[in-house]
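**Student:** sequence first, then the predicted structure, then my questions.
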Amino acid sequence: MEDKRQLDSLEYGEVNISNEVIGIIAGLAAKEVSGVAEMNSSLGVEISEIFGKKNYNKGVKVDVGSDNSITVNLNLVIDYGIIIPEICSKIQKNVKKSIETMTEMQVFAININIQGIK
């Protein structure tokens with residue numbers, strides 16, 4: 001996630017946004033949706049959190065194409081009783097809106113993997 005994408009050059013220099021920042025935006029936007037219990041991640045990320053390193057893009061993978069279009073993959077745990085297609089639609093809309101508003105980059109796809117129910 002260390003790639004950086006250059007936006008338009010501004011009057012006094014360039015603006016670059018790393019994939020990690022896009023991942024943080026996506027993760028926070030997904031967690032804003034009622035019914036998302038938590039983001040799910042790999043064991044290595046969970047171990048690093050035990051030692052105090054907070055990972056704000058946990059459960060998020062971001063790919064940015066050569067045309068600056070963004071594909072986001074989210075690994076989520078949702079609350080029991082939630083209608084899965086409805087919550088996924090809400091998550092996709094909120095994540096897309098948040099990323100596009102904050103970065104002015106186009107979101108191509110938001111893929112959601114429901115990995116558990118709590």
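**Tutor:** Nice, thanks for sending it over.
**Student:** residues making contact with the longest helix along the chain?
**Tutor:** If you go by DSSP state H, the chain has its longest helix at helix 84-103. Under the contact criterion C-beta atoms under 8 Å, 6 or more residues apart in numbering, helix 84-103 has outside partners 7, 17, 22, 25-26, 28-30, 32-33, 35-36, 70, 72, 74, 76, 78, 105-107, 110, 112, 114. The C-beta positions use only the backbone N, C-alpha and C, and glycine is treated the same way.
**Student:** narrow these to those in strands?
**Tutor:** Cross-referencing the contacts of helix 84-103 against strands under DSSP state E gives Ile17, Val36, Ile70, Val72, Leu74, Leu76, Ile78, Val107, Ile110, Ile112, Ile114.
**Student:** verify the stated contact: the first one with Met105.
**Tutor:** Translated: Ile17. Yes: with contacts counted by C-beta atoms under 8 Å, Ile17 reaches Met105, the gap being 7.4 Å.
**Student:** so for those two, which residue has more residues nearby?
**Tutor:** Counted by other C-beta atoms under 10 Å, Ile17 and Met105 do not tie: Ile17 has more neighbours, with 21 against 17.
**Student:** what pairs with that one across the strands?
**Tutor:** Legend: beta-bridge partners of Ile17 under DSSP bridges are Arg5.
**Student:** per-residue confidence for it?
**Tutor:** Listed pLDDT for Ile17 reads 92.
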